[in-house]
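Student: pasting the sequence and the predicted coordinates here, then a few questions.
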Amino acid sequence: EIYDINIEYLNKLSYNKVRNMEKTSLERLLYIYTNIERSKLDKVYEGDVMMMEVIDDLYFINEEGNLSYDWVEFQRREQRELGMKEGIKEGVEKGKRETRIEMFKKMLEHGMPIEDIAKISEVSVQEIEDILKEEAK
């Protein structure tokens with residue numbers, strides 16, 4: 001289905017009128033794109049978790065304290081969040097690797113045979129040797 005959306009009509013709607021519309025009305029759903037005052041949007045979509053998430057995802061607060069829709073900024077935020085998640089994941093993996101290396105070293109220092117270390121850690125003798133050689137570089 002295709003809808004013809006009259007933005008001028010939506011711009012003229014008072015937020016009180018929109019606030020009293022059914023949650024599923026097209027006008028109420030599209031009002032988010034015609035109003036940049038966060039306080040009014042919060043009142044219109046109060047209790048509507050999905051719409052509040054849309055507001056948070058699509059808009060950011062500009063210098064004047066109003067919401068601004070900026071696709072480029074939205075993409076930057078998404079990329080930053082993705083980068084942070086990847087960074088955290090890499091950090092965790094690096095921490096696990098460093099812990100394993102230290103464990104291997106301490107076990108060897110205490111005279112444990114590398115075969116026993118491999119069996120306990122479920123890593124091959126060759127992998128342990130490769131990891132320790134790489135660490136020594």
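Tutor: Cool, got the structure.
Student: and the residue nearest in space to the middle of the chain, which of the three is it?
Tutor: In the chain, the centroid-proximal residue (Cα atoms, centre = their mean) is E81; its distance is 4.6 Å. Under DSSP: H, G, I helix; E, B strand; the rest coil, E81 falls in the helix class.
Student: please apply the same query to E22.
Tutor: Here E22 is coil, with the state taken from three-state DSSP.
Student: contacts only, for it.
Tutor: Applying Cβ atoms under 8 Å, 6 or more residues apart in numbering, we find E22 in contact with R28. Just so you know, the C-beta spots here come from the backbone N, C-alpha and C atoms, and that holds for glycine as well.
Student: same check on E98?
Tutor: Not one residue lies near E98 by Cβ under 8 Å, 6+ apart.
Student: F104 versus that one, what's the distance?
Tutor: Note on E98: its distance to F104, by Cβ to Cβ, to the nearest Å, is 11 Å.
Student: do the same with I32
Tutor: Using Cβ to Cβ, I32 is found at 56 Å from F104.
Student: show me where pLDDT drops low in the protein?
Tutor: The model of the chain has pLDDT under 70 over residues 35-36, 57-74.
Student: what ranges does it have for its helices?
Tutor: Taking DSSP state H as the test, the helices found in the chain are 7-12, 15-19, 26-30, 38-44, 49-58, 71-109, 114-121, 125-136.
Student: for E1, which of those is the nearest?
Tutor: Among the helices of the chain, helix 26-30 comes nearest to E1, with 11.0 Å by Cβ to Cβ.
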